[in-house]
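> Here is my input, please return the structure:
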Amino acid sequence: MESAEELFSTLEEYERDWYIGLVTEKGWHDSVLQEKPFLFSLGHDLAMGTYTGRVLSLQEQLVHVGHLNGEGVRGQWANLSWELLYATNDDEERYSIQAHPFMLRNLTVQAADPPLGYPIYSSAPLHFPCL
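Okay, the predicted model is just below:
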């Protein structure tokens, strides 16, 4: 620093834009909620005998959010029924499962009740004696 003013402005920037402390402290949590642009912490792993540093910076992240239309999903299941029953395409890797990534085709087809989709959970047969 070349002047006291420059030092002062740098310290103000650190106070305003940075959290410097432990991740386990309440200040870390509060700084995340306040959306401070930068977070910095040091840690010590006793088992490994190493020191770690963590620097996080606030950034915008593009996230895709969507909503599946119930009619679209039922339409996919109807098409799958037609394909399996009338087109006799029983190949597990058939094109229709992966044909439309925007409609989450693979997930919606798998979510259909068997025999169209895949069972959510299956176990070995259980036998219970009646008498």
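> pretty sure Leu68 contacts Thr108?
Yes: assessed by C-beta atoms under 8 Å, Leu68 is found in contact with Thr108 at 6.9 Å. Heads up, the C-betas are built off the backbone N, CA and C, glycines and all.
> Tell me which of these two has more neighbours.
Applying other C-beta atoms under 10 Å to Leu68 and Thr108 shows that Thr108 carries more neighbours, namely 20 against 13.
> Quick check: closest non-adjacent residue to the more buried one.
Using C-beta to C-beta, 6 or more residues apart in numbering and skipping residues adjacent in sequence, the residue nearest Thr108 is Val73, 4.8 Å away.
> helix/strand/coil for Ser123?
Of the three states, Ser123 takes coil under DSSP: H, G, I helix; E, B strand; the rest coil.
> Just give me the neighbour total for it.
By other C-beta under 10 Å, neighbour count at Ser123 equals 6.
> before we move on, the earlier item: check which element follows the helix or strand hosting the residue nearest to Thr108 along the chain.
Element membership of Val73 [criterion: DSSP states H and E] is helix 70-85. Sequence order places helix 105-110 as the next helix or strand after helix 70-85, per DSSP H and E.
> Could you tell me the model confidence score at the residue most central in space within the chain?
The structure's the chain has its C-alpha centroid closest to Val63; by C-alpha atoms, centre = their mean the separation is 10.1 Å. As predicted, Val63 sits at a pLDDT of 79.
> what's the answer for Ser122, then?
Model confidence at Ser122, given as pLDDT, is 67.
> Mind listing what's buried along the helix-or-strand element of the chain with minimal mean pLDDT?
When the helices and strands of the chain are scored by mean pLDDT, DSSP states H and E, helix 105-110 comes last with a mean of 74. With burial defined by 16 or more other C-beta atoms under 10 Å, the residues of helix 105-110 counted as buried are Arg105, Thr108, Val109.
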